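> next comes the sequence, and after it the predicted model I'd like to discuss.
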Amino acid sequence: MSEIQFDDQVDITDVVCPVTFVKAKVALEELDDGEILAVRMNDGEPVQNVPRSIKEEGHQILKLLDNEDGTYTLFVKKVEE
């Protein structure tokens, strides 16, 4: 398990793009500035697209962790515009 402390988590392994990013974005919007969201996602398209989309929104990607079960956990720090 990761040593990163997070404030909230969202599991988007049950949805496909572009809903993956939408779910992650909604979860981020519920956090306060500086809080950290852990996003669990499937390998493949989500891992390629979700981090990029989150970065484009201006948030900070802290770490992408391989869970070694076909999923990844992305840690994102919310940055207020």
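Happy to help now that I have it.
> so the residue positioned nearest the centre of the chain bridges to which residues?
Nearest residue to the geometric centre of the chain (Cα atoms, centre = their mean): residue 39, 3.5 Å. Note on residue 39: beta-bridge partners by DSSP bridges are residue 10, residue 74.
> quick check: buried residues in stretch 4-20?
By 16 or more other Cβ atoms under 10 Å, the buried positions in stretch 4-20 come out as 6, 10, 12, 15, 17, 20. In this view, the C-beta of every residue, glycine as well, is placed from N, C-alpha and C.
> quick one: the third one from residue 73, how far?
Spelled out, it's residue 12. 11 Å (Cβ to Cβ, to the nearest Å).
> which residues do the two both contact?
Common contact partners of residue 12 and residue 73 (Cβ atoms under 8 Å, 6 or more residues apart in numbering): 39, 40, 41.
> dump those residues to a markdown table, plus pLDDT and distance to residue 65.
Listed next are the shared contacts of residue 12 and residue 73 as a markdown table, based on pLDDT from 0 to 100; distance: Cβ to Cβ, whole Å:
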| residue | pLDDT | distance to residue 65 |
| --- | --- | --- |
| 39 | 98 | 10 |
| 40 | 98 | 10 |
| 41 | 97 | 11 |
